[in-house]
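K.L.:
quick check, what structure comes out for this input:
(one chain, ligands or ions: 2)
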Amino acid sequence: MVLTNQYEQLIGQHEGSYLSFGIRAFLCICKKTRGVKGAVTISIDIVGKSFWKDKQTIQVLEDVRLTIVPGEFVTVIGPSGCGKSTLLKIIGGLDTDYEGEIVIGERRVTEPGMKQGFIFQEHRLFPWLTVEENIAANFNLKQAAIRRKVDELIEIVRLKGFEHAYPHELSGGMSQRVAIARALLRDPEILLLDEPFGALDAFTRKHLQDVLLDIWQEKRTTMVLVTHDIDESIYLGNEIVLLQARPGRIHKILPVNLPFPRNRTSTAFQSLRQKVLSEFEKTDELLLTDGSGI
Ligand SMILES: Nc1ncnc2c1ncn2[C@@H]1O[C@H](COP(=O)(O)OP(=O)(O)OP(=O)(O)O)[C@@H](O)[C@H]1O
Ligand SMILES: [Mg+2]
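P.N.:
Ligands and ions are numbered 1, 2, ... in the order given. Predicted structure coming up:
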């Protein structure tokens, strides 16, 4: 990753030149072939997903096909109700009632498992457990290896000093960091995040985005993060998957070839933002032209 960052910085410095073009092509080949220790490929092949509601079948997802390479950070955006959470639940094995298949590494996903870490919009901590007990959950904190890992994660998510606090004594951002640490303790091959920072103030949100990037750069866990925030999708993702609604389909996949750490005010960032926004607006137009409204 450090190497990739250096290449990405070079691209930034030589934007528009043959050198940047050559480096991009090289990175693209590396991306398709690289092996990231512990990370796995996610093959998504959803033919269809529907719900039964008010005596009607609602087709929520259709023909969603996507391959996520090991160590990738994919962000998913799309209009409200287009099926982002449903997609994430299917990838995580929380919803298996659909047509198609999800394969993680060599394994077909048939149920939730330790290898698919899931972080929800609300943190879902156990109110009767302390921070460290919430992180450990079903693992035994008295085991030296678990104790060491929990302590390490408390450092990573910057919760030192709060090990013995209960959820009601924490802020929203702190609770979300506990949830992130809990997911990471299970050493997931992939981390699925459904609008994890949606309810937080801008400052805490920015801080947690950086925490997540640090974790990703250190552990290279494959990340799939759903967000409503276009800036967040560009700030974090290698690739942005833009979904359209009714039924939910992939409208566009946009690569983000900006070096880390990303500068939200840079021209390159802003021009990509404009591009994502205009694609996003097209998905709204699609909704309006099919007569179903927004
Ligand atoms: N359990 C359910 N039963 C019936 N319909 C459902 C169920 N879960 C989701 N839906 C419907 O499926 C569609 C997609 O829902 P989903 O929660 O995946 O959307 P989303 O893209 O995550 O939306 P948001 O951005 O608002 O979180 C919606 O129309 C929703 O009403
Ligand atoms: Mg949702």
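
K.L.:
look up phi and psi at the most centrally placed residue in the chain.
P.N.:
Closest to where the C-alpha atoms of the chain average out (CA atoms, centre = their mean) is Leu225, at 2.0 Å. Phi and psi for Leu225, reported as degrees, to the nearest 10, are phi -120, psi 120.

K.L.:
if we ignore the residues flanking it in sequence, what's nearest it?
P.N.:
Spatial nearest neighbour of Leu225, excluding adjacent residues (CB to CB, 6 or more residues apart in numbering): Leu193 at 4.3 Å. For glycine as for every other residue, the C-beta is placed from the backbone atoms N, C-alpha and C.

K.L.:
measure stretch 210-227 end to end?
P.N.:
Terminal residues of stretch 210-227 lie 15 Å apart, using CA to CA, to the nearest Å.

K.L.:
residues of that stretch that come out buried?
P.N.:
Of all the residues in stretch 210-227, those buried under the rule 16 or more other CB atoms under 10 Å are 211-213, 215-217, 219-227.

K.L.:
please verify my assumption that the residue nearest to the centre of the chain contacts Tyr235.
P.N.:
No. Taking CB atoms under 8 Å as the definition, Leu225 is not a contact partner of Tyr235, at 10.6 Å.

K.L.:
show me which residues of stretch 148-167 are buried.
P.N.:
Buried-residue list, stretch 148-167, by 16+ other CB under 10 Å: 149-150, 153-154, 156-157, 159, 162, 165-167.

K.L.:
of the residues you listed, closest to ligand 1?
P.N.:
Among the buried residues of stretch 148-167, Pro167 lies closest to ligand 1 (CB to the nearest ligand atom), at 23.3 Å.

K.L.:
give the contact list for that closest one.
P.N.:
Neighbour list for Pro167: 123, 125-127, 129, 134, 175, 178 [criterion: CB atoms under 8 Å, 6 or more residues apart in numbering].

K.L.:
which ones among these are found in helices?
P.N.:
Counting by DSSP state H, these place 134, 175, 178 in helices.

K.L.:
which residues does the first one contact?
P.N.:
Contacts here follow CB under 8 Å, 6+ apart; on that basis Asn134 touches 125-126, 167, 178, 182.

K.L.:
how about the nearest residue to it, chain neighbours excluded?
P.N.:
The shortest distance from Asn134 to any residue other than its chain neighbours is 4.9 Å, reached at Leu125 (CB to CB, 6+ apart).

K.L.:
show the pLDDT at Lys275.
P.N.:
For Lys275, the model assigns a pLDDT of 96.

K.L.:
and if you look at the one 10 residues further on?
P.N.:
As predicted, Glu285 sits at a pLDDT of 66.

K.L.:
can you name the residues of the protein that neighbour ligand 1?
P.N.:
Within reach of ligand 1 by CB under 6 Å from any ligand atom, the chain has these residues: 51, 53, 60, 78, 80-86.

K.L.:
make it 5 Å
P.N.:
Within the chain, the positions near ligand 1 by CB under 5 Å from any ligand atom are 51, 53, 60, 80-86.

K.L.:
from these, which land in helices?
P.N.:
Short answer: those in helices (DSSP H) are 84-86.

K.L.:
all helices for the stretch 151-294 of the chain, in order.
P.N.:
172-185, 202-219, 230-236, 267-289 (DSSP state H, counting those that start in this stretch).

K.L.:
all good on my end, thank you.
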